[in-house]
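**Student:** below are the sequence and a predicted model for it; my questions follow.
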Amino acid sequence: MTFNNNTKSSERDFFSGEYQFTGKHGEYVKQLTDTLVEKGTYEKEIKIFAFNHKIYTVAPMIGYLYKRKAAREVSDHGPKISEGQVIRYADRAQEVMKLILLLDNEYEPNEQKRIDKAFRYFCEDENDFKLFEDYMRGGIEVLYENIISDETDPFKITENLIDFMAEFQEMFNDRVGKDDIFNLCEQFKKRESKK
């Protein structure tokens, strides 16, 4: 995956400019956004993800929850998200990145530093965005392997999607609860009010 932006890396806004998925992850994104059933059989086309930007905002959290990261594969082609779409959905992607920075105690063991990365110094460290992308690619792999893999039958793919959603819901509730997120936000709020 590549992020196209003409500014210097130290100055760039990670959530503007065109975004490109590359390598096998680009191929997986193509398959996850392909039409399963053409319009005509039903009133609308049926797809798992209607747009690439949906994967951009969902896959990083899936990667985090499944503890799955993947390295970038270099290639010059692959599906893209237009600059306008990246900017339009930047808030959603930023919230996901902040959540990952708050929760990933393997990436940053110090709780205060995690809070600072997510709020005070958000997007100042290029490694934070790399973490976001690594989890995104890992999440794309999880989505592909659990939903599509080698399957071509749209009904079997739909069954796989339902099974995956049930597994995901169970995993999310077990691993990251509302109380965990609420407690981190409360701690940050208290620290900020003391200043």
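**Tutor:** Okay, I see it.
**Student:** is the residue nearest the centre of the chain within a helix or a strand, and which one?
**Tutor:** Nearest to the geometric centre of the chain sits Pro60, at 2.5 Å (CA atoms, centre = their mean). Using DSSP states H and E, Pro60 maps to helix 52-65.
**Student:** pLDDT on that helix, on average?
**Tutor:** Throughout helix 52-65, pLDDT has a mean value of 93.
**Student:** elements contacting that helix?
**Tutor:** Helix 52-65 makes packing contacts with helix 23-33, strand 80-81, helix 83-88, helix 90-103, helix 126-143, helix 154-175 when contacts are defined by 3 or more CB pairs under 8 Å, 6 or more residues apart in numbering; DSSP states H and E. C-beta here means a position set from N, CA and C on the backbone, and glycine is covered the same way.
**Student:** any idea of the pLDDT on Asp180?
**Tutor:** Predicted confidence (pLDDT) for Asp180: 66.
**Student:** again but with Lys47, I slipped
**Tutor:** Lys47 is given a pLDDT of 83.
**Student:** what residues are up against the residue nearest to it when sequence neighbours are not counted?
**Tutor:** Distances taken as CB to CB, 6 or more residues apart in numbering put Thr35 closest to Lys47, at 5.6 Å, once the chain neighbours are dropped. Residues near Thr35 by CB atoms under 8 Å, 6 or more residues apart in numbering: 45-47.
**Student:** in CSV: these, plus distance to Glu159 and neighbour count.
**Tutor:** CSV is the format used below for the contacts of Thr35 (distance: CB to CB, whole Å; neighbours: other CB atoms under 10 Å):
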residue, distance to Glu159, neighbour count
Glu45, 19, 14
Ile46, 13, 16
Lys47, 16, 14
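**Student:** out of these, which sit inside helices?
**Tutor:** Using DSSP state H, no member of those sits in helices.
**Student:** could these be laid out in CSV, adding distance to Gly17?
**Tutor:** CSV is the format used below for the contacts of Thr35 (distance: CB to CB, whole Å):
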residue, distance to Gly17
Glu45, 29
Ile46, 31
Lys47, 25
